[in-house]
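>>> Predicted coordinates and the sequence they were generated for:
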Amino acid sequence: MVCFCPECSSLLRKKTVNGTNLLACRCGYEEVNASHADDLKKNIEKKKHAMGKSLVVIKEEDKIIVHPLVSKYCPKCNHKEAEAWQEQTRSADEPSTSFFKCTKCKFTWREY
Ligand SMILES: [Zn+2]
Ligand SMILES: [Zn+2]
């Protein structure tokens with residue numbers, strides 16, 4: 001049986017989560033692949049809710065974890081290790097700004 005996503009019309013793929021058969025789309029839509037019509041609607045509501053929640057959490061964790069450590073001299077205490085990340089400034093055509101944060105004194109500075 002071939003099913004299509006009601007949200008974006010892509011092909012749904014079979015997947016199993018905690019023993020429950022689901023049809024999942026790459027856009028994030030999921031539906032329960034079961035014949036128990038009673039539970040069907042409830043399960044979809046639950047899945048959607050849980051999914052939205054976990055997405056937010058993952059995003060926050062990404063923001064914290066993603067910073068790599070680089071060899072950079074801190075302009076304040078001269079320690080040679082800093083967290084590095086980049087942020088896009090107001091307009092998209094401007095180059096992104098590199099930020100560094102000293103792992104010792106927590107001083108934060110930027111480079112263009
Ligand atoms: Zn979709
Ligand atoms: Zn420092």
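Sure, I can see it. Numbering: from 1, shown residues only. Ligands and ions are numbered 1, 2, ... in the order given.
>>> rest of the way, CA atoms for contacts and neighbours
Noted.
>>> What residues does the chain have near ligand 1?
Counting by C-alpha under 5 Å from the ion, the residues of the chain close to ligand 1 are 5, 7-8, 25, 27.
>>> Tell me the confidence at E83?
pLDDT for E83: 89.
>>> can you check G28 too?
For G28, the predicted pLDDT is 89.
>>> Can you give me the neighbour number for it?
Applying other C-alpha atoms under 10 Å, we find 11 residues neighbouring G28.
>>> what's the answer for V32, then?
22.
>>> Ok, E31 next?
20.
>>> Is it in contact with A24, as I believe?
Yes - checked against C-alpha atoms under 8 Å, the pair E31 and A24 is within contact range at 6.5 Å.
>>> still on that earlier bit, neighbour-wise, which one of the residues of the chain next to ligand 1 leads?
Neighbour max across those (other C-alpha under 10 Å) = C25, 21 neighbours.
>>> which ones are touching the residue nearest to it when sequence neighbours are not counted?
Among residues not flanking C25 along the chain, L12 sits closest, at 4.9 Å (C-alpha to C-alpha, 6 or more residues apart in numbering). Shown in contact with L12 (C-alpha atoms under 8 Å, 6 or more residues apart in numbering): 2-5, 23-26.
>>> Among these, which lie within strands?
23-24 (DSSP state E).
>>> Mind picking the two most distant members of the contacts of L12?
Set against one another by C-alpha to C-alpha, the contacts of L12 have their most distant pair in V2 and R26, with a gap of 15.4 Å.
>>> how does this protein divide into domains?
1-46, 69-111 (automatic domain parsing).
>>> Any idea which of those domains has the lowest pLDDT on average?
domain 1-46 (a mean of 77).
>>> what are the phi and psi angles of the closest residue to H79 other than its chain neighbours?
Closest residue to H79 apart from its sequence neighbours, by C-alpha to C-alpha, 6+ apart: Y73 at 5.6 Å. The phi/psi pair for Y73 (degrees, to the nearest 10) reads phi -80, psi 130.
>>> Spit out the contact partners of Y73.
Per C-alpha under 8 Å, 6+ apart, neighbours of Y73: 79-82.
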